[in-house]
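1. pasting the sequence and the predicted model now:
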Amino acid sequence: MWLLVLEGLAIGCLLGLTGAGGGILAVPALMASQGWTVSQAAPVGLLAVTLSAFVGMVQGLFKKIVRYRAAIWIALISLPSARYGIHLASIISPVWLSLGFSIVMMIVAYRIFFNKVNDFEDPPCKVNQSTGQLIWNVKTASVLGIIGVIAGLLTGLLGVGGGFVIVPALRKVTDLDMRSIVATSLMIIFLIGGVSISIHIIDGFQYPIAVTVSFVVACIIGMLIGRRLISLIDIKTVQKVFAVVVICVAIYLVISSLSKILPMISL
């Protein structure tokens, strides 16, 4: 149980620091400590990440740095793809789902470590410099809607908050400052995650109470710690450390998945 708590603290702290990092590690952490498959770990990991994101979102709303219209719009657009992602997760073999998850993790880690998010000099979604809010038009709504579709699909399919897509995407297509991007990402994670959790419950998923409560509480405490540390720690250093951890976990998942796939192929 102590391993589970430590995992939750680390994941919550990363989520608070980056608005993206923790979610993608929640599922493999639960798989490693509980011996679960992706489909078993995804709902529990998503619940922990979603409730932790809620805490960060509330803090951001009080500071008035959340772009809530963008968050609500992206979340609404994500609903159909999130539902489809959950359906796909129920029919794809756990081994192949684990392998796919590990590939996504490697891509994310590579882009974070080498800072492959190249900001547009003239982003399609612009901020009104006098108000700090996005200027809404057809282009803004369309671009943010595409982000919602992708984030929703990955949330439903892999049980992650989608922040690892949302943060770099908002950084790339808007000229919002990083504090606002992180806070807005946490609100989007909460909204998309809340819908996906509701779908899991409607579909009959039974949450293991002891594991779920321990992991959720640890993640929330970690989130509060991360939000405290955000002004004291160099975010670029945190991101590089996070990327290395993600790569190590992804390699572990690949080896584990291949060890199950190769015997089946040989037969």
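-> Cool, got the structure. Residues are numbered from 1 along each chain as shown.
2. going forward, measure contacts between C-alpha atoms and count neighbours the same way
-> Will do.
3. so Asn128 is in contact with Leu134, correct?
-> Yes. Using CA atoms under 8 Å, Asn128 makes contact with Leu134 at a distance of 5.9 Å.
4. neighbour-wise, which of the two wins?
-> Neighbour tally, Asn128 and Leu134, criterion other CA atoms under 10 Å: the higher count belongs to Leu134, 18 against 12.
5. please name the bridge partners of the more buried one.
-> Beta-bridge partners of Leu134, counted by DSSP bridges, are Val127.
6. mind listing what it touches?
-> The contact partners of Leu134, taken as CA atoms under 8 Å, 6 or more residues apart in numbering, are Arg67, Ala70, Cys125, Lys126, Val127, Asn128.
7. what about 10 Å?
-> Residues in contact with Leu134, defined by CA atoms under 10 Å, 6 or more residues apart in numbering, are Arg67, Arg69, Ala70, Cys125, Lys126, Val127, Asn128, Thr140, Thr174, Asp175, Leu176.
8. mind checking which of those residues land in strands?
-> Val127, Asn128 (DSSP state E).
9. which of the residues in the helix-or-strand element of the chain with minimal mean pLDDT are buried?
-> Ranked by mean pLDDT, DSSP states H and E, the weakest helix or strand in the chain is helix 235-266, scoring a mean of 74. Along helix 235-266, these residues count as buried under the neighbour rule (16 or more other CA atoms under 10 Å): 239-240, 242-244, 246-251, 253-254, 257.
10. closest to Ile11 out of those residues?
-> Using CA to CA, the shortest approach to Ile11 within the buried residues of helix 235-266 belongs to Phe242, at 10.1 Å.
11. helix 235-266 and whatever helix or strand Arg228 lives in, what's the angle between them?
-> Per DSSP states H and E: Arg228 is located in helix 209-229. For helix 209-229 and helix 235-266, the angle between their directions (axes from the mean of the first three to the mean of the last three CA atoms, to 10 degrees) works out to 150 degrees.
12. what comes up buried for helix 209-229?
-> 212, 214-227.
13. neighbours of the nearest residue to Ile225 once chain neighbours are set aside, how many?
-> Nearest non-adjacent residue to Ile225, counting by CA to CA, 6 or more residues apart in numbering: Cys13, 5.9 Å away. Residues contacting Cys13 under the criterion other CA under 10 Å number 28.
14. that older thread, farthest-separated two in the contacts of Leu134?
-> Comparing all pairs in the contacts of Leu134 by CA to CA, the longest separation belongs to Arg69 and Asp175, at 15.7 Å.
15. of those two, give the one with the bigger neighbour count.
-> Between Arg69 and Asp175, counting by other CA under 10 Å, Asp175 is the more crowded of the two (22 against 13).
16. pretty sure that one contacts Asp122?
-> Yes. The pair Asp175 and Asp122 passes the contact test of CA atoms under 10 Å, sitting 8.6 Å apart.
17. what about the nearest residue to Tyr68 once chain neighbours are set aside, distance to Ala169?
-> For Tyr68, the nearest residue in space outside its immediate sequence neighbours is Thr184; the separation is 6.7 Å by CA to CA, 6+ apart. Going from Thr184 to Ala169 by CA to CA, to the nearest Å gives 12 Å.
18. list residues touching both of those two?
-> Common neighbours of Thr184 and Ala169 are listed as Gly163 (criterion: CA under 10 Å, 6+ apart).
19. between those two, which is the more surrounded one?
-> Neighbour totals were compared for Thr184 and Ala169, and Thr184 leads with 30 against 19 (other CA under 10 Å).
20. residues contacting the more buried one?
-> Thr184 is in contact with 19, 56-57, 60-61, 65-72, 163, 166-167, 170, 176, 178, 190, counting by CA under 10 Å, 6+ apart.
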